[in-house]
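> Predicted model follows, preceded by the sequence.
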Amino acid sequence: MSAQEAVRKFLARHRRIGFVIFFVLIVCAASIIQQEPSIEAIVSYLVLCAIVSFASLILNTRNFRGLLDILSTDCNAQKMLEVASLLMEKRKGRREAPIYEVLYAMCSAQLGYDDIALQWVDKVESTPKLSMSNRLSACNVRAVVARHRHDRDEQANVRGRVVALCSGGRVSAPARRTADLIVAWIDFDIALGDGEWQRCNELLGAMSALSLTQQQKVSMEHCRAQLAEARGDIAAAREGYTFVAENGGDCYMARQSSEWLAAQEKEPEAATNTTL
């Protein structure tokens, strides 16, 4: 489906969930009002409100994750960018806006539009009382841009911010997994630059355990191909880059892989022409 169709389905589900929740609460409130009011009835209604709110959170989260499959499963960053843009136009609430803005920034980074990604991240991070998930997503965007630019100082800065975010207070399991994966990616880049092959292999194992989505797994294979290339194992590098080029959609890492493969094909041709 197109980006417009995906947004329409997402918002339609969101409205249905809201309507059902509202209907349940109204019916339950009406039944309590018709009966003789009591402390037990009020407490029961408050418990029901808590349960319904929790159910609403789960359903809306599943709805949003289904939308994110455009990027996380299909690796279609351009379509997801269009989706985020449409949602920013339609959903401008104080709580929702940062979610779509940081998503726009992530898609921009995945497409290689690094300057645009950083502009949106700056805007998101200026939002008061930003949630933990949005803060981690913003750090992830900065880490992706730093990787593109081979900026080790910025990578170290982002790593410190991620560790600091998760060092105090209670952190949810998904947030902890995201933070650990960002740190593993950064540590891998640093170890690769330092030629620490054993450390790189250890971090690849950590990435494999932490990667859940298709996009994360493709990113891990991209790291594996980079390690093979750095070690001079061209056959393994070619296999890895081929996988990324075929499964990375329109993401920057897929384009990089395709360019590397094309360059490898030209080298034998150049050698042959020189010999002739």
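Here it is on my side, so go on. Because the structure is predicted, anything quoted here is derived from the model rather than measured. Numbering: from 1, shown residues only.
> Give me the buried positions along stretch 226-240.
When burial is assessed from 16 or more other C-beta atoms under 10 Å, stretch 226-240 yields the following buried residues: 226, 227, 228, 229, 237, 238, 240. All C-beta spots, glycine's among them, are computed from the backbone N, C-alpha and C.
> ok, residue 261 - how many residues close by?
Neighbouring residues of residue 261 were enumerated by other C-beta atoms under 10 Å; the total is 16.
> what's the helix or strand for it?
For residue 261, the element it lies in under DSSP states H and E is helix 252-275.
> Repeat that for residue 223.
Element membership for residue 223, per DSSP H and E: helix 214-230.
> Count the neighbours of the closest residue in space to residue 28 that isn't next to it in sequence for me.
What sits nearest to residue 28 in space, not counting adjacent residues and going by C-beta to C-beta, 6 or more residues apart in numbering, is residue 48, at 5.6 Å. Each residue near residue 48 was counted by other C-beta under 10 Å, and the total is 15.
> State the helix or strand in which residue 48 lies.
Under the assignment given by DSSP H and E, the secondary-structure element containing residue 48 is helix 39-72.
> what's in contact with the following helix or strand past that helix?
From helix 39-72 onward toward the C-terminus, using DSSP H and E, the following helix or strand is helix 77-90. Outside of helix 77-90, the residues within contact range by C-beta atoms under 8 Å, 6 or more residues apart in numbering are 2-4, 6-7, 10-11, 67-68, 70-71, 96-97, 100-101, 103-104, 107-108, 110-111, 249-251.
> Buried residues, helix 77-90. List them.
When burial is assessed from 16+ other C-beta under 10 Å, helix 77-90 yields the following buried residues: 77, 78, 79, 80, 81, 82, 83, 84, 85, 86, 87, 88.
> just stretch 136-152 next, same as before
Within stretch 136-152, the residues scored as buried using 16+ other C-beta under 10 Å are 136, 137, 138, 139, 140, 141, 142, 143, 144, 145, 146, 147.
> how about the fourth one, what does it touch?
If a contact means C-beta under 8 Å, 6+ apart, then residue 139 has 158, 161, 162, 165, 182 as its contacts.
> Remind me what the helix or strand where residue 124 lies packs against, helices and strands.
The secondary structure element spanning residue 124 is helix 114-125 (assigned by DSSP H and E). Applying 3 or more C-beta pairs under 8 Å, 6 or more residues apart in numbering; DSSP states H and E, one finds that helix 114-125 contacts helix 97-111, helix 132-149.
> For residue 22, find the nearest of the ones you listed.
Among the helices and strands packed on helix 114-125, the nearest to residue 22 by C-beta to C-beta is helix 97-111 (22.0 Å).
> Just name whatever secondary elements the closest one is in contact with.
Judged by 3+ C-beta pairs under 8 Å, 6+ apart, helix 97-111 is in contact with helix 39-72, helix 77-90, helix 114-125, helix 132-149, helix 252-275.
> if we can go back for a sec, what's downstream of the helix holding residue 223, the next helix or strand?
Stepping forward along the backbone from helix 214-230, the first helix or strand reached (DSSP H and E) is helix 234-247.
> For that following helix, enumerate the helices and strands it packs against.
Applying 3+ C-beta pairs under 8 Å, 6+ apart, one finds that helix 234-247 contacts helix 214-230, helix 252-275.
> quick check: angle from the first one to helix 234-247?
In other words, helix 214-230. Between the axes of helix 214-230 and helix 234-247, defined by axes from the mean of the first three to the mean of the last three C-alpha atoms, to 10 degrees, the angle is 160 degrees.
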